[in-house]
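# could you work out the structure for the sequence below:
(one chain, ligands or ions: 2)
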Amino acid sequence: MLIQSSSPNDPAPSEITPRQAYLNRRQVTAGLALMAAAPELLAQSVAGGGKLPRLAATPGTVAGAMVLDKPTRYADATSYNNFYEFGTDKSDPAERAHTLKPRPWTVAVEGECAKPGRYDLDALLKLSALEERVYRLRCVEGWSMVIPWIGYSLSELIKRAEPTSKAKFVEFTTLADRAQMPGLRSAVLEWPYVEGLRMDEAMHPLALLTFGMYGEVLPNQNGAPVRIVLPWKYGFKSAKSIVKIRFVEKQPRSSWEQAAPQEYGFYSNVNPGVPHPRWSQASERRIGEDGLFAKKRPTLIFNGYEAQVGQLYAGMDLRRNF
Ligand SMILES: Nc1nc2c(c(=O)[nH]1)N[C@H]1C(S)=C(S)[C@@H](COP(=O)(O)O)O[C@H]1N2
Ligand SMILES: [Mo]
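Ligands and ions are numbered 1, 2, ... in the order given. Next up, the predicted model:
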C-alpha cells in the first residue's frame, strides 16, 4: 500500500516513509538543484493541501523530469482547472468535483495486446515505483502552470500489456458517469472524454501515468484517481480520471478533435509557431506569477521539452500535423 490515510488517528503503515524523512531525503537528493536555484522553491513544491492522503515518491531521474521553474501554488493548481465533466468555468471543478468517487476504481487495459487486464487502483499503484516529476503544463488557452506530479512512466504499464504489432496508437477514455459528473448534462463535448497518442509518444519516458501531486494523491478536480500528463503537449491531451486504455491500429479521434478539428489537432504539441485559428500561441501567462496582470512569457516549442521529445517528430510537417 502506498496510500497513507489522512486521518490523524490511523496508524501509519510501516512501508510509508514518514513525512519528515521523505522531505529530508528529497532535500538531499533532487532537491539540491532546486535549493541552489532558490531555497524557497522546494518547500513550496511539496506543500500540498494537507487534506488528502499522502503519497510517497522518489525524485524523477529521466531527463526533463525536474524543471527548475517555480512551482505553482497548490491553491492555484487546485482552483483554476479545466475538467469539463464538472462544468466549463475554471472554478467549477474545485466547487463540484467532490461528487467524484475515486475509490474503488478500475482501469481496463485492452485492444491490440497479448496481456489485456483490469487493474484496480491499488494494483496500478504498485505496478512500478512512484516518482515525483516537476513538469510545466501549458493549456491551449494561453496559460501555464508548474506542478510536482507523482506517478511513473506510462511505458511501465504499456510494456506489461505486451502490445501487438498492430498497436499503433493508444486511446484513453475518461469516466463518464452522470451521477458523479454534472457537466455531462451539457453537450459541450462528446462524452466520454477521449484522447489518444501515437505508440512512440505513449512510450516516451516523460509520459506520466499520474496518481498524485504536491506529495498527495490527486485532488478530484485534477483528475483523481489516475490521469496522464504529457508535458510537451497542450493540456487537453492530459486526460483525467481514466477508466480505459486501449491499443488500436487506427489513429483515435479525440473529443477535442471531434468538437473542432480545425482548432484541436491530434498531435497538439505546444508550438508557438502555429497559432490557434482564433488566437496566438506565441506567449503564455504563468498562473500565480506577478499578480493578475502578469507579464506574459514566450511559449517554447514542445513547451521546453524539445531536447527530450523533438526526435519523435523528425521529418513531420508540424504545421499540418498541429
Ligand atoms: N477528462 C478530462 N480531462 C481533461 C480535461 C477535461 O475537460 N476532461 N481538460 C484538459 C485540459 S484543457 C487541461 S488544461 C488539463 C488541466 O489539468 P489541471 O486541472 O490538473 O491543471 O486537463 C485536461 N484533461
Ligand atoms: Mo487546456
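# Arg227 and ligand 2: what is the separation?
Shown here: Arg227 relative to ligand 2, a distance of 13 Å by CB to the ion, to the nearest Å. From N, CA and C alone the C-beta is placed, and that goes for glycine too.
# give me the residue from the stretch 201-322 of the chain nearest ligand 2.
With CB to the ion, the shortest gap between the stretch 201-322 of the chain and ligand 2 falls at Gly235, namely 3.4 Å.
# the stretch 51-200 of the chain too?
In the stretch 51-200 of the chain, the residue that lies nearest ligand 2 is Cys139 (3.4 Å; CB to the ion).
# before we move on, the earlier item: residue contacts, the residue of the stretch 201-322 of the chain closest to ligand 2?
Remark: with contacts taken as CB atoms under 8 Å, 6 or more residues apart in numbering, Gly235 is in contact with 82, 137-140.
# determine which two of the residues you listed are furthest apart.
Farthest pair in the contacts of Gly235 (CB to CB) is Asn82 and Arg138. Separation: 12.2 Å.
# ok so, going back, so the residue of the stretch 51-200 of the chain closest to ligand 2 makes contact with Lys233?
No - between Cys139 and Lys233 there is no contact, the gap being 10.7 Å when judged by CB atoms under 8 Å.
# picking that back up, Glu195 versus the residue of the stretch 201-322 of the chain closest to ligand 2, what's the distance?
From Gly235 over to Glu195 the distance is 11 Å, taken as CB to CB, to the nearest Å.
# before we move on, back to that, Asn82 and Arg138: which is more packed in?
Set side by side, Asn82 and Arg138 show unequal neighbour counts under other CB atoms under 10 Å, the larger going to Arg138 at 25 against 19.
# excluding covalently adjacent residues, which one is nearest to that one?
With sequence-adjacent residues excluded and distances taken as CB to CB, 6 or more residues apart in numbering, Arg138 is closest to Ser144, at 4.4 Å.
# so what pLDDT did that neighbour get?
pLDDT, the model's per-residue confidence, is 98 for Ser144.
# surely it forms part of a helix?
No - secondary structure assignment (DSSP: H, G, I helix; E, B strand; the rest coil) places Ser144 in strand, not in a helix.
# what about it, neighbour count?
As a burial measure, Ser144 scores 23 neighbours (other CB under 10 Å).
# that one and Leu137 touch, don't they?
Yes - here Ser144 reaches Leu137: they are 6.3 Å apart, a contact under CB under 8 Å.
# quickly list what's touching both of these two.
Residues touching both Ser144 and Leu137 (CB under 8 Å, 6+ apart): Asn303.
# now the stretch 101-250 of the chain against ligand 1: closest residue?
Per CB to the nearest ligand atom, Gly235 is where the stretch 101-250 of the chain lies closest to ligand 1, at 2.4 Å.
# may I have the phi/psi pair for that residue?
phi -50, psi -30 (degrees, to the nearest 10).
# per-residue pLDDT, it?
pLDDT, the model's per-residue confidence, is 98 for Gly235.
# quick one: it from Val229, how far?
9 Å.
# common neighbours of those two, please.
Applying CB under 8 Å, 6+ apart, one finds that Gly235 and Val229 are jointly contacted by Leu137.
# all helices of the stretch 1-150 of the chain, in order?
Assignment of helices within the stretch 1-150 of the chain using DSSP state H, counting those that start in this stretch yields the ranges 19-28, 31-37, 39-46, 74-77, 92-96, 121-126.
# what is the rounded mean pLDDT of the fifth one?
The one in question is helix 92-96. 98.
# whether that helix contacts ligand 1 - can you check?
No - using CB under 6 Å from any ligand atom, we find that helix 92-96 stays clear of ligand 1, coming within 6.7 Å at best.
# measure stretch 214-229 end to end?
Taking CA to CA, to the nearest Å, the span from the opening residue of stretch 214-229 to its closing residue is 14 Å.
# what sits closest to the residue of the stretch 51-200 of the chain closest to ligand 2 if chain neighbours are left out?
Using CB to CB, 6+ apart, the nearest residue to Cys139 is Gly235, at 4.2 Å.
# with Trp143 instead?
With sequence-adjacent residues excluded and distances taken as CB to CB, 6+ apart, Trp143 is closest to Arg285, at 4.7 Å.
# where does that neighbour fall, phi/psi-wise?
phi -110, psi 120.
# OK, contacts around the closest residue in space to Gly50 that isn't next to it in sequence?
Across the structure, with CB to CB, 6+ apart as the measure, the residue nearest Gly50 apart from its sequence neighbours is Glu216 (7.8 Å). Residues in contact with Glu216 (CB under 8 Å, 6+ apart) are 48-50, 52-55.
# and Glu216, what pLDDT?
Residue-level pLDDT assigned to Glu216 equals 98.
# wasn't Glu257 part of a helix?
Yes - according to three-state DSSP, Glu257 belongs to a helix.
# from Ser280, how far off is it?
If you go by CB to CB, the gap between Glu257 and Ser280 works out to 21 Å.
# with neighbour numbers in mind, choose between those two.
Glu257 (19 against 11).
# many thanks, I have nothing further to ask.
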